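Participant: I need the structure of the sequence given here:
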Amino acid sequence: MSRLVVDVLGIPALLYIIWQGGLLYAALVAAIVFLGLREFYRLLPKVNRVGRPVVGYLAAIALLAIFSRHAGLLGAPADWATTGMRLLAIVIVLVIALQAIGVLIPSETSWSDYSANLGGVLWIALFGGCFILVREMDYSRFAPQVDVAFRLTLSLYLSVWLCDSLAYLFGKAFGKKKIAPLVSPNKTVVGTVSGLIGAVALMLALGYGGFLPRNIFGLTDLLVFGLITGGFGQLGDFVESRLKRDIGVKDTGKLLPGHGGVLDRFDSLFYVMPLSLIWLELVVLI
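Facilitator: All right, here's what the predicted structure looks like:
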């Protein structure tokens, strides 16, 4: 019942925010990032790691501000050369700050603490910021009358959700052989393949059905997005499962009843959005 309530209330709200885009969507992404970091820092002590949340939250604020500025949500849009230098500066400062803490407080930190903190911030905040750029991508020169960014963003979410649902349903009904028992003992080969096929099929259907403009997204693009959502999206889920298995917890948090934490719900998208952004910038929009 709690899961149903979250779905009934949360899915329409999420769809509305994706449709609106802009600062409202950026605020949602910021909430996902900060709640995800909060869950991450609460998990670190369970494996005897010391978290540095102040450093992580400050880095997340800076990273999200840079992504928002690049998208034109905080002043004039920035080009990739400027944005890239800003991102590099933040990552350099983050590395130095975490290493400096290890030198200044050696009795309370170890090298593995530094690695865990750095990896967590890059995974959650850097990858999370890509949510904003995908939603705010400018396609006006291709289709000035259509909000293509909204349609693609929604398609990526829907493809991930369909992949998860099919992987669960077919895996539970027909799956026998485990695909990665040491990482996620409940996931099967049948479920994983079913999810991948469903994700690719949905992206093709959205393209050839006219929801995604074919003058922008060709067959190769649709196949790549399907592989990203159905393949790398599931990889993101496996990565988070490995994290939970190493720590010894079932869920990363209890924020969403019936779903677990923020990282449990958005783990696939933390891989899908950065990879989709790379394909858009390097292939689709060149």
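Participant: C-alpha only now, for contacts and for neighbours.
Facilitator: Noted.
Participant: least trustworthy helix or strand in the chain by mean pLDDT?
Facilitator: Counting by mean pLDDT, DSSP states H and E, the chain has its least confident helix or strand at helix 2-20, which shows a mean of 84.
Participant: what does the helix or strand following that helix contact?
Facilitator: Moving toward the C-terminus from helix 2-20, the next helix or strand (DSSP states H and E) is helix 22-43. The contact list for helix 22-43 (CA atoms under 8 Å, 6 or more residues apart in numbering) reads 17-18, 51-53, 56-57, 60, 64, 68, 73, 120-121, 124-125, 128-129, 131-132, 136, 247, 252-253, 261-263.
Participant: how far does helix 22-43 sit from its chain's centre?
Facilitator: What separates the centre of helix 22-43 from the centre of its chain is 11 Å, taken as CA atoms, centre = their mean, to the nearest Å.
Participant: and whichever helix or strand comes after that helix, average pLDDT?
Facilitator: Using DSSP H and E, the helix or strand that follows helix 22-43 in sequence is helix 53-70. Averaging pLDDT along helix 53-70 yields 97.
Participant: and helix 53-70 with helix 22-43, angle?
Facilitator: Taking axes from the mean of the first three to the mean of the last three CA atoms, to 10 degrees, one finds helix 53-70 and helix 22-43 inclined to each other by 160 degrees.
Participant: relative to Gly248, how far out is Arg86?
Facilitator: Arg86 sits 37 Å away from Gly248, going by CA to CA, to the nearest Å.
Participant: who has more neighbours out of these two?
Facilitator: More crowded of Arg86 and Gly248, by other CA atoms under 10 Å: Arg86, with 16 against 12.
Participant: right, and that one touches Ile66 too?
Facilitator: Yes. Judged on CA atoms under 8 Å, Arg86 makes contact with Ile66 at a distance of 7.1 Å.
Participant: shaky segments in the chain?
Facilitator: Along the chain, segments meeting pLDDT under 70 span 1-3, 6, 257-259.
Participant: helices along that one, start to end?
Facilitator: 2-20, 22-43, 53-70, 80-104, 111-121, 127-135, 148-174, 189-208, 219-227, 233-247, 262-266, 269-279 (DSSP state H).
Participant: wait, which of the ones you listed is closest to Leu285?
Facilitator: helix 269-279 (8.8 Å; CA to CA).
Participant: buried ones in the closest one?
Facilitator: For helix 269-279, a neighbour-count test (16 or more other CA atoms under 10 Å) marks 269-277, 279 as buried.
Participant: what do you get for stretch 91-99?
Facilitator: Residues of stretch 91-99 classed as buried: 91, 94, 98-99 (neighbour count, 16+ other CA under 10 Å).
Participant: kindly reformat these as a markdown table containing distance to Ser194.
Facilitator: Compiled in a markdown table, those are given as follows (distance: CA to CA, whole Å):
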| residue | distance to Ser194 |
| --- | --- |
| Val91 | 38 |
| Leu94 | 40 |
| Leu98 | 42 |
| Gln99 | 44 |
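Participant: number of residues surrounding the closest residue to Tyr208 other than its chain neighbours?
Facilitator: Distances taken as CA to CA, 6 or more residues apart in numbering place Arg214 nearest to Tyr208, at 7.3 Å, with adjacent residues excluded. Arg214 has 15 neighbours, counted by other CA under 10 Å.
Participant: cool, and Met85?
Facilitator: 11.
Participant: quick check: it vs Ala78, distance?
Facilitator: Counting by CA to CA, the gap from Met85 to Ala78 is 11 Å.
Participant: equivalent analysis for Tyr25, please.
Facilitator: Going from Tyr25 to Ala78 by CA to CA gives 19 Å.
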